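>>> What shape does this take:
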Amino acid sequence: MPNMPKIYVLGTGGTIAGAGASATTAAYESGRIEAAELVTAVDGLEQVAEIRTENLFATGSENLGPLQWRKLARRIEELTVDADIDGVVVTHGTDTLEEAAFFLELVCQPKKPVVLTAAMRPGTALSADGPANLFQAALSAASLQLRDHGILIAMNGLVFPGWQALKTDSVALDSFRAYPSGPVGRISGERLLVFGGPSRSPLAGRFHEHLRNENELPHVDLVLLRGGCGVRTLDDWGRTACKGLVIAGFGAGTMPDSLVAQITGMVRSDCVVVVSSRVSQVTVMPETMTPVQGDNVVPSGILNPQKSALLLSLALDAGLQAPEIAKLFQTFSPDIS
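Numbering: from 1, shown residues only. The predicted model follows:
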């Protein structure tokens with residue numbers, strides 16, 4: 001068909017490329033099906049776009065991290081400057097999908113639609129959701145309306161900003177939502193309804209220079225607080241040369257009084273501590289978190305602990321100091337003025 005959009009599908013594995021022993025078993029192996037086979041299995045996709053495929057990885061997304069996402073980002077950058085490519089689709093596992101989308105939003109500067117998709121059921125399962133999600137992702141990547149929306153996710157009939165993605169359920173098909181703004185589009189059959197303008201991260205493409213690096217990101221630890229936790233919770237970090245730490249506190253960033261003195265000592269040794277929350281939809285502001293003296297203690301705003309750790313790692317990798325890092329996180333703070 002003449003003048004059809006040209007979409008490039010990058011496969012990275014995940015449940016969408018998984019296969020089990022039977023249609024009803026809960027056990028399966030991720031990444032067994034190549035991208036070309038996934039595309040072939042989607043009825044009607046040939047009416048949406050001309051598809052080319054490539055496999056970057058073949059594993060569950062629990063095995064992916066910044067090193068792999070940097071390779072993915074570089075390939076996305078190459079494809080989106082290719083005049084013969086109109087959009088890019090990435091198939092990915094759901095376990096780290098929200099982190100992958102956030103990382104790509106921070107390091108990529110795409111001029112064309114880039115849409116991630118995934119599945120909650122493997123291709124061999126009854127009512128597998130992967131084919132429909134892949135169809136919807138290709139439809140979204142072919143849309144000129146989504147050209148300036150940055151990294152997107154299309155799943156379960158919705159299109160939403162990738163950097164806002166949250167996985168809220170371990171097994172349900174509608175396990176992903178966008179926080180805080182919600183979806184920017186809805187898909188019904190072959191129709192894409194875009195009802196929201198671009199909702200890009202305030203730091204979209206801020207760390208594009210990271211794609212030139214070959215080194216691993218600085219390690220940032222994450223500590224999840226629980227009721228009754230005591231000072232021993234942070235003992236290991238207090239004794240080491242910690243450069244970055246994310247604390248998943250309670251509610252809006254509270255923590256036991258017994259930890260305050262310990263954290264104060266850590267920040268005096270130049271460790272940057274970001275305070276987030278263990279709740280699913282995070283809002284941590286200076287006035288809501290437990291007060292800790294020191295410029296190196298930073299509230300995460302609306303970023304959950306795993307996204308906070310990624311941003312902190314990239315900031316440390318860029319050589320930023322605590323005041324500059326604090327300003328980065330302030331861009332994710334709700335405007336309550």
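>>> next one: phi and psi at the residue nearest to residue 145 when sequence neighbours are not counted?
Once flanking residues are discounted, residue 145 sits nearest to residue 194: 4.5 Å by C-beta to C-beta, 6 or more residues apart in numbering. All C-beta atoms are positioned from the backbone trio N, CA, C, and that covers glycine. Backbone torsions for residue 194, taken as degrees, to the nearest 10, come to phi -100, psi 120.
>>> Wait, residue 194 touches residue 139, no?
No: taking contacts as C-beta atoms under 8 Å, residue 194 lies outside contact range of residue 139: 11.1 Å.
>>> So residue 58, which state does it fall into?
Here residue 58 is recorded as strand under DSSP: H, G, I helix; E, B strand; the rest coil.
>>> who's in contact with the residue lying closest to residue 118 once chain neighbours are set aside?
Excluding its sequence neighbours, the residue lying closest to residue 118 (C-beta to C-beta, 6+ apart) is residue 94, at 4.6 Å. By C-beta atoms under 8 Å, 6 or more residues apart in numbering, the contact list for residue 94 reads 14, 15, 61, 118, 119, 120, 167, 175, 176.
>>> what's the closest non-adjacent residue to the third one?
Translated: residue 61. That would be residue 93: by C-beta to C-beta, 6+ apart, it lies 2.7 Å from residue 61.
>>> go on, the second one?
In space, and not counting its chain neighbours, residue 15 is closest to residue 119: 4.9 Å by C-beta to C-beta, 6+ apart.
>>> so the one you found sits right up against residue 14, yeah?
Yes: applying C-beta under 8 Å, one finds residue 119 in contact with residue 14, separated by 7.2 Å.
>>> Now do the buried residues in stretch 216-232.
217, 220, 221, 222, 223, 225 (16 or more other C-beta atoms under 10 Å).
>>> How about stretch 13-22?
Neighbour count says stretch 13-22 has 13, 14, 15, 16, 17, 18, 20 buried, by 16+ other C-beta under 10 Å.
>>> Of those residues, just say which sits nearest to residue 328.
residue 14 (29.4 Å; C-beta to C-beta).
>>> how many neighbours does the closest residue to the closest one other than its chain neighbours have?
Closest residue to residue 14 apart from its sequence neighbours, by C-beta to C-beta, 6+ apart: residue 93 at 2.9 Å. Neighbourhood size, residue 93 [other C-beta atoms under 10 Å]: 25.
>>> Report the spatially closest residue to residue 297, excluding sequence-adjacent ones.
In space, residue 297 is closest to residue 273, 5.0 Å off (C-beta to C-beta, 6+ apart).
>>> and the one you found, how many residues sit next to it?
For residue 273, using other C-beta under 10 Å, the count is 23.
>>> residues contacting it?
By C-beta under 8 Å, 6+ apart, the neighbours of residue 273 are 244, 245, 246, 247, 263, 266, 267, 292, 296, 297, 298.
>>> Nearest to residue 283 among those?
residue 298 (14.5 Å).
>>> show me where the stretch 51-200 of the chain has helices.
Residue ranges of the helices in the stretch 51-200 of the chain, as given by DSSP state H, counting those that start in this stretch, are 66-80, 97-107, 130-141.
>>> Can you tell me which helices and strands the longest one packs against?
In other words, helix 66-80. Where contact means 3 or more C-beta pairs under 8 Å, 6 or more residues apart in numbering; DSSP states H and E, helix 66-80 is packed against strand 6-13, strand 50-59, strand 87-91, helix 97-107.
>>> So what's the model's average confidence on that helix?
For helix 66-80, the mean pLDDT works out to 98.
>>> Distance from the chain centre to that helix, please.
Mean-position distance between helix 66-80 and its chain equals 14 Å (C-alpha atoms, centre = their mean, to the nearest Å).
>>> same question, the last one
Averaging C-alpha coordinates over helix 130-141 and over its chain gives two centres that are 18 Å apart (C-alpha atoms, centre = their mean).
>>> what is the orientation angle of that helix with strand 87-91?
150 degrees (axes from the mean of the first three to the mean of the last three C-alpha atoms, to 10 degrees).
>>> Which other helices and strands does helix 130-141 contact?
Packing partners of helix 130-141 (3+ C-beta pairs under 8 Å, 6+ apart): strand 6-13, helix 35-40, strand 87-91, strand 114-117, strand 151-155, strand 185-188.
>>> and with 10 Å instead?
Contacts defined by 3 or more C-beta pairs under 10 Å, 6 or more residues apart in numbering; DSSP states H and E place helix 130-141 against strand 6-13, helix 35-40, strand 87-91, strand 114-117, strand 151-155, strand 158-161, strand 185-188, strand 191-194.
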